[in-house]
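Chemist: sequence isn't available, so here's the structure alone:
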């Protein structure tokens, strides 16, 4: 009788162990992505989910509608060129933290510039008008084309001289003000980054010695990784369980990419980094976006890869952004 009970308990334990193993991916997804799953999105960890469009307060910041008391932290990030898809974490790019007086000075600089909006027809412009007693308004302005010409000129200077950067002001309540800045000896062009809302603005103002000082003091931090207590193999296995079947093909594209090997040298390690990492399925659109830390014998950097059947790959190493020279890699 005792042997039967023992055998039953052993069998039950085996069944439960197998059941837990089968449910582990679902449990991990639920832990990291419970709210996101409801809208067709799975994230590797809470800190890797995309920022909601409603969280951006960039235009409001340059319009002086965000009190400085709501700024919890601010950084300047040196991009070198006008990169896409790395925001808001900009993994692998050099940066420096701003002091309180620098935050105040930059808000004054940006809010005091000429802010304008190009209409969808491309021919007419509106400029921000301000008065001490009224909220900012957009009104048709004759000088809008001249402002745009100056903006484009400063932007070209910055791209040629690799003086493109981004200011980020982390606000209370998980909000973010992000402003792309283009430094030129002749002036400063800037764009408050928005993903939704009523304000879509560009701006120009005088050259900023403060931004030059910030750019001169940036340093390149080590890339933060997910689950540092795990080995790279364990971390990749966990990520594959959460993201699903497209994780491994994306990882293999990086491992087998001649462009990645050319930039990083002999690859020593690839593992999930603390950047955007998610699977998204909405209506008839399905995609994954993944951020990796890559270590090769030529140094440490980051790779972002996005797509589903085919993938687009971009790299940054030692603070310098690069792409793989291909539009999409299919597997």
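Modeler: Perfect, I can see it now. All of these numbers come straight from a predicted model, not from anything done at the bench.
Chemist: just the strands in the stretch 101-250 of the chain please.
Modeler: Assigned by DSSP state E, counting those that start in this stretch, the strands in the stretch 101-250 of the chain fall at 114-118, 125-131, 134-140, 164-171, 175-184, 187-192, 202-205.
Chemist: closest to residue 213 out of the ones you listed?
Modeler: strand 175-184 (11.2 Å; CB to CB). (C-beta placed from N, C-alpha, C; glycine too.)
Chemist: nearest to residue 86, of the strands of the stretch 101-250 of the chain?
Modeler: strand 164-171 (9.3 Å).
Chemist: which strands or helices does that closest one pack on?
Modeler: strand 71-78, strand 175-184, helix 209-216 (3 or more CB pairs under 8 Å, 6 or more residues apart in numbering; DSSP states H and E).
Chemist: that strand pairs with which strands, parallel or anti?
Modeler: strand 71-78 (antiparallel), strand 175-184 (antiparallel) (DSSP bridges).
Chemist: now do the helix or strand following the shortest one: distance to the chain's middle.
Modeler: So that's strand 71-78. Once strand 71-78 ends, the next helix or strand along the chain (criterion: DSSP states H and E) is strand 95-97. Centroid separation between strand 95-97 and its chain, computed with CA atoms, centre = their mean, to the nearest Å, is 16 Å.
Chemist: list the buried ones in strand 95-97?
Modeler: For strand 95-97, the neighbour count (16 or more other CB atoms under 10 Å) marks 95, 96 as buried.
Chemist: contacts for that strand next, please.
Modeler: 73, 74, 75, 76, 77, 78, 214, 217, 218, 219, 221 (CB atoms under 8 Å, 6 or more residues apart in numbering).
Chemist: where does the stretch 151-300 of the chain have low pLDDT?
Modeler: Residue ranges of the stretch 151-300 of the chain with pLDDT under 70: 283-284.
Chemist: and the helices in it?
Modeler: 209-216, 232-243, 247-256, 258-264 (DSSP state H, counting those that start in this stretch).
Chemist: now those helices in TSV, with mean neighbour count?
Modeler: Formatted as TSV, those follow (neighbours: other CB atoms under 10 Å):
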stretch	mean neighbour count
helix 209-216	15
helix 232-243	18
helix 247-256	18
helix 258-264	17
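Chemist: tell me the predicted confidence for the residue nearest the centre of the chain.
Modeler: Closest to where the C-alpha atoms of the chain average out (CA atoms, centre = their mean) is residue 87, at 2.1 Å. Each residue has a pLDDT score; the one for residue 87 is 96.
Chemist: residue 138 pairs with what?
Modeler: residue 128.
Chemist: contacts only, for it.
Modeler: Neighbour list for residue 138: 117, 126, 127, 128, 129 [criterion: CB under 8 Å, 6+ apart].
Chemist: OK, contacts around the last one?
Modeler: The neighbourhood of residue 129, defined by CB under 8 Å, 6+ apart, consists of 136, 137, 138, 139.
Chemist: which of the residues you listed count as buried?
Modeler: Buried residues within the contacts of residue 129, defined by neighbour count using 16+ other CB under 10 Å: 136, 138.
Chemist: now the contacts of residue 129 in CSV, with distance to residue 69?
Modeler: Output for the contacts of residue 129, formatted as CSV (distance: CB to CB, whole Å):
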residue, distance to residue 69
136, 20
137, 25
138, 27
139, 30
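Chemist: touching, residue 191 and residue 178? I think so.
Modeler: No - here residue 191 does not reach residue 178: they are 9.4 Å apart, not a contact under CB atoms under 8 Å.
Chemist: now do the shared contacts for those two.
Modeler: By CB under 8 Å, 6+ apart, no residue touches both residue 191 and residue 178.
Chemist: these two: which has the busier surroundings?
Modeler: residue 178 (23 against 20; other CB atoms under 10 Å).
Chemist: burial of residue 282, as a residue count?
Modeler: 10.
Chemist: distance of it from residue 218?
Modeler: To residue 218, residue 282 is 37 Å away according to CB to CB, to the nearest Å.
Chemist: how close does residue 107 get to residue 88?
Modeler: Note on residue 107: its distance to residue 88, by CB to CB, is 19 Å.
Chemist: the two: who's more crowded?
Modeler: When neighbours are counted by other CB under 10 Å, residue 107 comes out ahead of the other of residue 107 and residue 88, with 22 against 17.
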